[in-house]
Every structure is written in structure tokens, then in C-alpha cells.
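>>> Model the following, please.
(chains A, B and C)
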Amino acid sequence: MTVITLTTDFGLREGNVAAMKGVIWRIAPQVEITDLSHLIGAQNILEGALMLGRAAGYFPAQTVHVGVVDPGVGTARRPIAARLGDCYFVGPDNGLMTFVLQDAERKAAPIDVVHLDQPRFWLDKVTYVFHGRDIFSPVAAHIANGVPLHELGTPIKDAVRLSAGMPEALPDGWRGSVVHIDHFGNLATNILKHHVEKMKTIRVCIGGASISGLVKTFGDAPAGSLVALIDSSDELGVCVVNGSAQARLNARVGDLVDVVEE
Amino acid sequence: MTVITLTTDFGLREGNVAAMKGVIWRIAPQVEITDLSHLIGAQNILEGALMLGRAAGYFPAQTVHVGVVDPGVGTARRPIAARLGDCYFVGPDNGLMTFVLQDAERKAAPIDVVHLDQPRFWLDKVTYVFHGRDIFSPVAAHIANGVPLHELGTPIKDAVRLSAGMPEALPDGWRGSVVHIDHFGNLATNILKHHVEKMKTIRVCIGGASISGLVKTFGDAPAGSLVALIDSSDELGVCVVNGSAQARLNARVGDLVDVVEE
Amino acid sequence: MTVITLTTDFGLREGNVAAMKGVIWRIAPQVEITDLSHLIGAQNILEGALMLGRAAGYFPAQTVHVGVVDPGVGTARRPIAARLGDCYFVGPDNGLMTFVLQDAERKAAPIDVVHLDQPRFWLDKVTYVFHGRDIFSPVAAHIANGVPLHELGTPIKDAVRLSAGMPEALPDGWRGSVVHIDHFGNLATNILKHHVEKMKTIRVCIGGASISGLVKTFGDAPAGSLVALIDSSDELGVCVVNGSAQARLNARVGDLVDVVEE
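Below is the predicted model of the structure:
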């Protein structure tokens, strides 16, 4: 069995995602298809890249991940597909694959990227505005069917990368920023576990608030407490126990976060 | 493999959709089940019909589409099932199948519709308020298992149709209306590609705004531009690039749209 | 084929649910995975328990239901798994299984519950904050693969139960409360069909409103009417036909409802 995952900013109201699934199953009826997220912020390529980067590694070998956050659809931006280690990625060449590419490089995994330029693997009719259905879904299905990348397109080495902000070193720690705010109002930052695990003591400063030390999990502090912890993606997170750090701190993506030794 | 799709106004919070899937898998464990949309506006039969009409055609032959937007559940309104070409539809007889029926007629595809009046294919206990679970899901599963329509019910010729508004001819173009507003705030209209493709020049007038010409895709105009284009369902759409035409124009379903030669 | 269902308060934006599915398919690629609900209110164990209790019974034998509403993740609260009749449940020991346990007891079905204490069936790396992915998903997959409960953990008899409010007998009827408000604004109560079916006449009193008699279904009264009925879960419901009882009555979970003979 092969799995195909779908990540888009299409929302869940219109049936566009369903049309993609229909297209896939017409070509590759044996695959399982699952939603990664369809609530990526409209045109928010960075958020889509982050969600793909966090979840993709948990899927079985040979999984094909389709990402469609695609404000440039129908323009000169290239459609691409990539083999990164034992998985595949299909989508627009706009930076959506930034973190999965970084991850593959860090692991020295095999990397092949092609510019999808073989319309015989697409729907007969390709609209200008819905390549998710007309190009990326059929290509993903053909990959699941075993068509090699080199038949689907021409190798490229210059896939677009987002210049994702890395935290900046301070004399006594790191200055990073909020990269995502989740459903619960928890803040995720670009300061990672490896940045802080050698620090002897920790103080986290964000939006006028100052948090002493890290907890291991939510239940280690009373309900309503503002806490910092290493979250399930090994990112430094700022949370309110059984509440919303977003609401408490009036926080936004991009807000600065300092982590320093006390 | 057979696919069953589900389209409802149930939302995603309550597990009602999951109960439908459980019922289906008890009868037909081999099928794939996928959501088309569960965020159809409450009791909005027209929206459900539109979403089914747009997406159904992309699914494989033998797919069974279940639609449950059903304000008349438990009253005298009939439960029905239809074979339209190589696919099946199951749901209340209230107009939900209007567009898929129209599409089958346009293609001169085989059409068979039955009034579901054979309770032996339903759950043993049928509630008055949830025929999606108690009647339509088991019937869809039996269709996927190969039970022919004529065993499930009695042929009818008078399935309910919505009197869906068609655009009206103007001396120099068409007067239509907004039929749907999507997740991005894009407006879809009932003016179709074939209405406008013979026009030499085009001006789109809606809500006091006037748009000269069509773009091919969003990226053809700067972010924030109000544009008109033929969307992925071959409908004339009105959009703001990387923004919301709904918010810009304070638009609602039913708003008038004129398309005229300049 | 085995089905695994997922019920969480994770929402649909982040891909956490997808990570759980990836983990499951790496271990048990043959299973179908379906969402029961991911829009359980944050940390609302009672709501999660209610949704599991309503939907689980419709799934095929051998289905594995994973529930993750887990404010105590990473603390001393136990991870557990249960066989209840012909189905399985996996999740935190915090009361999420209250109603499925009650249901099994009422049916005198076999009940086995284990404390999951065998890390060899978990992910190699278990975070403090995401046992849904790191413990419950792999355990569910192993159950689907046929691993018996007694290999996964140690039998227990004291799984946590919620003290779910039962209605109180009045001289001429019952006093209950609103236990859930659904997507449509319909109010579900803890007064059940069996409480009222022997009453000769019925008056439902809630929030200053008084409703005489029950209707069988929505369409039995004009649009806009406030009605009471037995809903699809055999609970007494209060609804506005084609509208929202929540909005009409400014209702909240916990509001009192009296049902008396007229």
C-alpha cells in the first residue's frame, strides 16, 4: 500500500480537495489518501512548509506528499516533484519544500528534484487556476504507480527555498521568533531543543513576560500558568496550561522571543 | 476498489459523519470512504447540489456519492438513489441531485432513479432525524456491494429539481448572479465559460465595481487587484489577488453580475 | 480490514492528526483510518467521551478507537487500552472511556482494561507532550495487528470514570441538563428516550421557554419553531426548525431542562 498526503490552503468547504482525491483514485485506485492539513493560512507558504516539515517524517517509506499553497498558480513558477530519501513531494516550486529539503540534506539522504514538464502525465485539460487537481494530483498518482521521476520531468538543482529565519546568538543565549500559533493558542518558536539543552538555567522573555525555567509538560504547572517547554517537534514552545498563550500575550507570528541564562 | 463520498451540512464536530462511515464499513468493508464536504451551509440544498456537481465528475467509475442536506428528514420527502452514467448518487429527493442530473442529461448518459422503499436494506432501527446514517449509508454500501437499484426501490421519473437560476441575456452580454463564495472569498457566478468565450471584449460589473477584461490566473495581476477570470469549474469568477473579493465588495450569494462587451 | 478511528481536541490545522496516521500506517499498513472528530473542545474530556459513546457502536467488530483529549499528558496519569465487547479503545486514563465502558457493562460484554506499561510497543522517542502520536497510535496499530492486550500492559480494574450527571426525578417528570450543543445549534440533554416514553403528556421547560409535546422530526413544525424531540442518539433534544436553539435560548452546556407531564 502507498499513502498520498494532501496539504493545502483550500479549506474544507468546497470539495476541491475531494476532486483531487477523485483524480488520484482514477489513476491509482490502490492508494490510501489522507489529509495533512487544508487549513494552512491562505497563500501562507511558510506555514505550509512548516507543517509538511513536521509531519512528513512520520509516514511510511514511499509516501507521496502533495503540497498546494500556490499563489503563483498558472504563472511561470514551475511545478516540481522531489524524491527526498525514501519519500516523494509534489507541488509548486515556491519554497513549500524548504524544510523537507533541509531535513534530507541534514540526513545526507538521496535528493532528486525534477521540473514537471511532461503534460502526458497531467489531466487532459489543465486550468490556469487549479494545478493541484490538474497537475499535482495526477503526477502524485503516477509516482505511486511507480513511474520514475526522470520520466515526469527534467532534473533541476535550484528549487526555491524560503529564507526561514534562524535564531540569532546573544551573549547569554538566543533571540528567536514565533513561527506558528496552534489550535490551542500554543506558540511555537524557531529556537530548537539543541539550542537550549546545554544552557544551565533558562529564562524565556516574550512580549513583556518572563518565564523562569522549562517544564516538561503542561500538567507540571497549575491551570492558567504561563510556561515554556520543548514541544513535540523539538521546538521551544510557550503555552498557558489549559489555556491560550496567544490570548494571554496577544501574540502574533513573528514576535521576538529571547532565551537567556538567568 | 469502490469509493463512497459523503457530502453533508453536519459540520465536523459531532461524529455523525463517523457513524455513517462505521455503518458503511460494517456492510461493505472493502470500500474507500472520503469526505466531499461537511461544511455545506445548514439546510443549504443549493450549495450542496453545486458542490456535488463540481466534484463528482472527477471520481472513478462506480463511485457512490451520498449527499445529506436534508431539512425534510423524517417527513414525506422520498429517499432516492440514482445511477447517472457510471456513478451512483444517494440522498433525499429535494433537489440535491439537480446538477449531476443535468450533467448526465447533457451527456445523454443512462439515468435510473429509484424511490428507496425497501427497508430491508436499511438499519434495523431507523430514526426520524438521521436518515444519513440509518438509510442512505447502508443503501450506499449495498450499491457498492453490487445490489442493483431495482432491488433497492421503485423507479421514478420525477425527482425534484431546483430551479437554479440561469443567466439572462442582455443586449450586449449576460446578467447572472453570485452562486457561491469560497474559502478564499472568491465569488463564483452562474455565468459560464461558454457564455463569454465568443465575446470580443469583456467588462464585468458587480456591486458598483467594474472590471475590464479577464485575467488567466491570479498571478497575472498585482496582489490586491480585483480581477475576473474563468475558474477551475468553468464558471466566471470574481477575485482579489491574494485577498478576498467577498470582503472587498461586501458580496453575498445572489448579488447580480453583468458581463457586457465594452 | 480493520478500522482505527481518531478522536481528539487537536483541531485540523496543524498536521498532528496526520502524524498519528503516519505512525499507524508504518506499523499496520493494512488498516483504514478515519476521523471521528478533531474538534472536541480543548481539554473537554466529557465532550470527547460523549462523542465516542455515540459513534463507536456503529463501527465494525475489531475497530480500534483512539481518543486523545489529554490535559494530563506526560504526568502520572496512566495510558490505557481496553477491549469492550468486540471493539478496542486506546487513550489516557482520564474518563474518556466512561460512556463506552457503561455501554459495555449494560450489555454485559467482556471488558478488559490494561495500563499500557510496555514501551517496546511505543515510538522509540516518547515526548512529554504528544502521547497521541508517540504511545497511543503505535499501540492502536499493534492491536490492529493482533497483539493481545496482556502483552501491551498490566490489567487494571479502576479506570477513571467521569461522574456524568444523570437526570433527577421530579414528582411529575425529570430534571436534566444540556450536555452538548451541536453544529446546528441543537441542544442535546441527558434525559433519554426511556425516561420519557412512559409519560402520557410532555412539557419541556428550558430557559424560560415551554414546549408542549414532542415532534417526531424537524419537518413536523414550521421553520423557526422551537421544538423538542428524541434525537438520533435517543437523547431528548431541543431544536429550532431550520435554525439554532442555542441562539434562540442563549443556551449553554449545563443549562437545566425539566420534562414534566402537562
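>>> Let me see the ranges of the helices in the stretch 151-262 of chain A.
Assigned by DSSP state H, counting those that start in this stretch, the helices in the stretch 151-262 of chain A fall at A:193-196, A:245-249.
>>> Give the pairing partners of the longest strand belonging to chain A; include direction for each.
If you go by DSSP state E, chain A has its longest strand at strand A:173-181. Using DSSP bridges, the strands paired with strand A:173-181 are strand A:168-170 (antiparallel), strand A:187-192 (antiparallel), strand A:256-260 (antiparallel).
>>> how about the residues of the stretch 101-250 of chain A near chain B?
A:T127, A:Y128, A:V129, A:F130, A:R133, A:D134 (C-beta under 8 Å from any C-beta of the partner chain). Every residue, glycine included, has its C-beta placed from N, CA and C.
>>> Max pairwise distance over those residues: which two?
A:Y128 and A:R133 (12.1 Å; C-beta to C-beta).
>>> just to revisit the earlier point, among the strands paired with strand A:173-181, which is nearest B:G91?
Nearest to B:G91 among those is strand A:187-192 (41.9 Å), distances taken as C-beta to C-beta.
>>> Would you mind pulling the contact partners of that closest one?
A:164-167, A:174, A:176-182, A:206, A:231, A:233-239, A:245-246, A:249, A:251, A:255, A:257, A:259 (C-beta atoms under 8 Å, 6 or more residues apart in numbering or on different chains).
>>> What's the mean pLDDT across that strand?
For strand A:187-192, mean pLDDT is 96.
>>> just stretch A:62-81 next, same as before
Here the average pLDDT along stretch A:62-81 is 95.
>>> Any part of it near chain C?
Yes - using C-beta under 8 Å from any C-beta, stretch A:62-81 comes into contact with chain C via A:T63.
>>> same question, stretch A:137-154
No - using C-beta under 8 Å from any C-beta, we find that stretch A:137-154 stays clear of chain C, coming within 13.5 Å at best.
>>> ok, back up a step: ranking the helices of the stretch 151-262 of chain A by burial, who's on top?
Most buried of the helices of the stretch 151-262 of chain A, by mean neighbour count (mean count of other C-beta atoms under 10 Å in any protein chain shown): helix A:245-249, with a mean of 19.
>>> now that helix, how far from the centre of its chain.
Here the centre of helix A:245-249 is set off from its chain's centre by 23 Å, with C-alpha atoms, centre = their mean, to the nearest Å.
>>> Residue in the stretch 101-250 of chain A with the shortest distance to chain B?
A:F130 (3.5 Å; C-beta to the nearest C-beta).
>>> mind checking the backbone torsions on that residue?
With angles defined as degrees, to the nearest 10, A:F130 sits at phi -140, psi 70.
>>> Next, count neighbours for it.
24 (other C-beta atoms under 10 Å in any protein chain shown).
>>> before we move on, back to that, narrow the contacts of strand A:187-192 to just the buried residues.
A:167, A:174, A:176-182, A:206, A:231, A:233, A:235-239, A:245-246, A:249, A:251, A:255, A:257, A:259 (16 or more other C-beta atoms under 10 Å in any protein chain shown).
>>> Between A:Y128 and A:R133, tell me which one has more neighbours.
Comparing A:Y128 with A:R133 by other C-beta under 10 Å, the one with more neighbours is A:R133, at 26 against 19.
>>> follow-up on the earlier one: quick one: the residue of the stretch 101-250 of chain A closest to chain B and A:V66, what's the gap?
Distance from A:F130 to A:V66, counting by C-beta to C-beta, to the nearest Å: 13 Å.
>>> A:V196 now?
For A:V196 relative to A:V66 (C-beta to C-beta), the value is 34 Å.
>>> for A:L152, same thing?
Counting by C-beta to C-beta, the gap from A:L152 to A:V66 is 13 Å.
>>> now swap in A:G132 and tell me
7 Å.
>>> swap in A:L214?
Taking C-beta to C-beta, one finds A:L214 at 36 Å from A:V66.
>>> Between the two, which has more neighbouring residues?
A:V66 (26 against 18).
>>> List the residues that contact the more buried one.
Contacts of A:V66 (C-beta under 8 Å, 6+ apart): A:I4, A:T5, A:L6, A:T7, A:M20, A:F89, A:V90, A:G91, A:G132, A:F136, A:S137, A:A140.
>>> next one: A:A49
A:G67, A:G95, A:L96, A:M97, A:T98, A:F99, A:V100, A:L162, A:A164.
>>> And for it, nearest residue in space, chain neighbours not counted?
A:T98 (4.7 Å; C-beta to C-beta, 6 or more residues apart in numbering or on different chains).
>>> The one you found touches A:E105, doesn't it?
No - assessed by C-beta atoms under 8 Å, A:T98 is found out of contact with A:E105, at 10.9 Å.
>>> Can you give the distance of stretch A:1-21 from its chain's centre?
With C-alpha atoms, centre = their mean, you get 15 Å for stretch A:1-21.
>>> That one and chain B in contact?
Yes - among the residues of stretch A:1-21, A:D9, A:F10, A:G11, A:L12, A:R13, A:E14, A:G15, A:N16, A:A18, A:A19, A:M20, A:K21 lie within reach of chain B under C-beta under 8 Å from any C-beta.
>>> next one: phi and psi at the first one?
In this entry, A:D9 is assigned phi and psi values of phi -110, psi 30 (degrees, to the nearest 10).
>>> same question, the second one
Reported as degrees, to the nearest 10, the phi and psi values for A:F10 are phi -80, psi -10.
>>> Can you report how many residues neighbour it?
A:F10, neighbours per other C-beta under 10 Å, totals 25.
>>> Could you check how far the residue nearest to it when sequence neighbours are not counted is from chain C?
In this structure, A:F10 finds its nearest non-sequential neighbour in A:N16, 4.8 Å apart by C-beta to C-beta, 6+ apart. For A:N16, the distance to chain C (C-beta to the nearest C-beta, to the nearest Å) stands at 15 Å.
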